[in-house]
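1. here's a sequence, model it:
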Amino acid sequence: LVFFVRGAIPGDRVLAKVVRKKRTYAQARVTEILEASPDRITPPCPYSGYCGGCQWQNARYEAQLKYKKVLVEDSLSGIPSLRDTPIHEVIASPKQFGYRNKMEFSFSDRRWFLPGELPWENNQKHFALGLHIPGTFHKVLDVNSCLLQNEKGNELLREIKNYAKNSGIPAYGLKTHQGFWRFLALRHGAHSDEWMVNIITSELKLDILNPLAEVLSNRFPEVKTIVNNINSRKASIAVGEKEIVLVGQGTISDRIGPFFFQISANSFFQTNSPAAQKLYGKVADYAELNGAELVLDLYSGTGTIPVFLSGVAQGIIGMEIMADAVRDAEINCRKNCITNCRFVLGDIKDNLKNLKVKPDVLIIDPPRAGMHKDVLSGVMELGAEKVVYVSCHPMTMARDLAKMSEDYRVLEVQPVDMFPHTYHVEAVAKLRRKK
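-> Coordinates of the predicted model:
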């Protein structure tokens, strides 16, 4: 039986309480540390151990990189065709704190209290703005700051929390589905130092939001735009079916390497810009472009990879399902004076069937769930000579590479740490078609 012990790190001797048991594994939590691992440190965050944002703040950063390499190795080792694939040491993030350019916080009408807060905080139990307790959708820990974002973001968090709490308008109930305030999303252009405030509510109330927008604009000149996404559905997502721009143009800009990118409220952009430059640099290395190739980029988002590779390819086609992302990708190309990239909007599995050309190089950067089985089948039928697979989930990468290894050799894998203090790890795989 395998035990997964929350709060423990390799090298610890602990007493742990089993909280869940299955046939092949059990989950437990630490009740007492008998002997600390040499890699254990005191977390700098006061919410560590309760908040679901950081799982590994209690481990030295160098140890975190070792753990992440093991995660990638373990994902591939169970598949015979991938077992001997070389896996390199993890490329470290340039920053370990303050690295996130996007943070999402949840409102709740039922605050989850830390043990020491209960005696004097009961009068505030009907309001919280913060982060979720691990493994729950309805328990929200009220936080005043997060070490993973820039300090200006923490100032914005506190200002908006104070306004919403005193507005007389209730926070959204994650069980009752009643209330107004739902989420707060903050985006930061690390290079431009521009901020976007995205307030997600259950309905439109400009009489409530316009005064808040005015307060933020006056007190925070770094805030370039403020938007309101309206999500009236029960789904607990920070994306609205309608968006209202309250201040500015609804976008901010950032830079990766020499390239500028426009970012809207709901478009995908790597949350760690300096580490993304290292990630895309490895994509370029593995693509081995000489300037004469046609490149196809699946899940192209706001066009970061096409823009990054545009100077070393003859042409690049990006495929993306989100209309806002395609719009931003086209704008990003214009801003960077790039003319050899074009983007196809729609479902990738359908667009692959309609593709009239065969690319020389295929870049695949899917979401955590990996490729849809129909997309994977389309990729295999396409038969590009070179493939670079960019993963944010080692297990789904292993699943996809196992199928692709029928026709491709997986030559090497390079993990990249985009999310310090969490168990998340990106990985770039280099594939070449078998002769």
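
2. going forward, measure contacts between C-alpha atoms and count neighbours the same way
-> Fine.

3. how is the chain divided into domains?
-> 1-40, 77-95+272-433, 102-252 (automatic domain parsing).

4. any idea how far the shortest one is from the chain center?
-> Meaning domain 1-40. Per C-alpha atoms, centre = their mean, to the nearest Å, the displacement of domain 1-40 from the mean C-alpha position of its chain is 27 Å.

5. do you know how far Asn101 is from Phe419?
-> Look at Asn101 and Phe419: by C-alpha to C-alpha, to the nearest Å, they are 11 Å apart.

6. tell me, what's touching those two both at once?
-> In the contact map built from C-alpha atoms under 8 Å, 6 or more residues apart in numbering, the residues linked to both Asn101 and Phe419 are Asn272.

7. surely Arg29 is in a strand?
-> Yes - remark: Arg29 belongs to a strand, assigned using DSSP: H, G, I helix; E, B strand; the rest coil.

8. rewinding a little: in a markdown table: the domains of the chain, plus distance to Ser48.
-> Output for those, formatted as a markdown table (distance: least, C-alpha to C-alpha, whole Å):
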| stretch | distance to Ser48 |
| --- | --- |
| domain 1-40 | 10 |
| domain 77-95+272-433 | 10 |
| domain 102-252 | 10 |
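
9. could you pull out the helices for the stretch 251-400 of the chain?
-> 273-287, 304-309, 323-335, 348-353, 373-382, 394-404 (DSSP state H, counting those that start in this stretch).

10. what packs against the fourth one?
-> What it means is helix 348-353. strand 315-320, helix 373-382 (3 or more C-alpha pairs under 8 Å, 6 or more residues apart in numbering; DSSP states H and E).

11. any chance of the ones you listed in CSV, plus mean neighbour count, distance to Val90 and mean pLDDT?
-> Compiled in CSV, those are given as follows (neighbours: other C-alpha atoms under 10 Å; distance: least, C-alpha to C-alpha, whole Å; pLDDT from 0 to 100):
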stretch, mean neighbour count, distance to Val90, mean pLDDT
strand 315-320, 22, 28, 98
helix 373-382, 15, 27, 96
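
12. for the ones you listed, give me JSON lines that also has distance to Cys392.
-> Conversion of the helices and strands packed on helix 348-353 to JSON lines gives the following (distance: least, C-alpha to C-alpha, whole Å):
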{"stretch": "strand 315-320", "distance to Cys392": "17"}
{"stretch": "helix 373-382", "distance to Cys392": "17"}
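
13. which one, of these, ends up nearest to His88?
-> Smallest distance to His88 across the helices and strands packed on helix 348-353 (C-alpha to C-alpha): 25.5 Å, for helix 373-382.

14. relative orientation of the closest one and helix 394-404 in degrees?
-> 40 degrees (axes from the mean of the first three to the mean of the last three C-alpha atoms, to 10 degrees).

15. returning to that earlier point: minimum distance to Ala265: which of the domains of the chain has it?
-> Of all those, the one in closest proximity to Ala265, counting by C-alpha to C-alpha, is domain 102-252 (6.7 Å).

16. what about that closest one, start to end distance?
-> Domain 102-252: ends 12 Å apart by C-alpha to C-alpha.

17. so where's the chain shaky on pLDDT?
-> Along the chain, the model assigns pLDDT under 70 to residues 118-123.

18. what residue lies at the spatial centre of it?
-> Thr271 (5.9 Å; C-alpha atoms, centre = their mean).

19. tell me if I'm right that that one and Asn101 touch.
-> Yes - using C-alpha atoms under 8 Å, Thr271 is in contact with Asn101, at 5.1 Å.

20. helices or strands next to the longest helix along the chain in the packing?
-> As assigned by DSSP state H, the longest helix anywhere in the chain is helix 61-77. In terms of contacts (3+ C-alpha pairs under 8 Å, 6+ apart), helix 61-77 is packed against helix 394-404, strand 408-416.

21. hey, which of the ones you listed is tucked in deepest?
-> strand 408-416 (a mean of 22; mean count of other C-alpha atoms under 10 Å).

22. just give me how far it sits from the chain centre.
-> 22 Å.

23. dump that strand to PDB, restricted to CA.
-> The C-alpha coordinates for strand 408-416 follow below in PDB (Å, rounded to 0.1, in the frame of the first residue of the first chain):
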ATOM      1  CA  TYR A 408       8.100   8.700 -33.200                       C
ATOM      2  CA  ARG A 409      11.300   8.400 -31.200                       C
ATOM      3  CA  VAL A 410      11.200  10.500 -28.000                       C
ATOM      4  CA  LEU A 411      14.800  11.700 -27.900                       C
ATOM      5  CA  GLU A 412      14.800  13.700 -24.700                       C
ATOM      6  CA  VAL A 413      12.700  15.600 -22.200                       C
ATOM      7  CA  GLN A 414      13.600  19.000 -20.500                       C
ATOM      8  CA  PRO A 415      11.600  19.900 -17.400                       C
ATOM      9  CA  VAL A 416      11.200  23.600 -16.600                       C
END
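
24. after it comes which helix or strand?
-> Downstream of strand 408-416, the first helix or strand assigned by DSSP states H and E is strand 426-433.

25. sheet partners, orientation included, of that next one?
-> Here strand 426-433 is paired, per DSSP bridges, with strand 386-391 (antiparallel), strand 408-416 (antiparallel).

26. and the ones you listed: which comes nearest Thr176?
-> Of all the strands paired with strand 426-433, it is strand 386-391 that lies closest to Thr176, at 36.5 Å by C-alpha to C-alpha.
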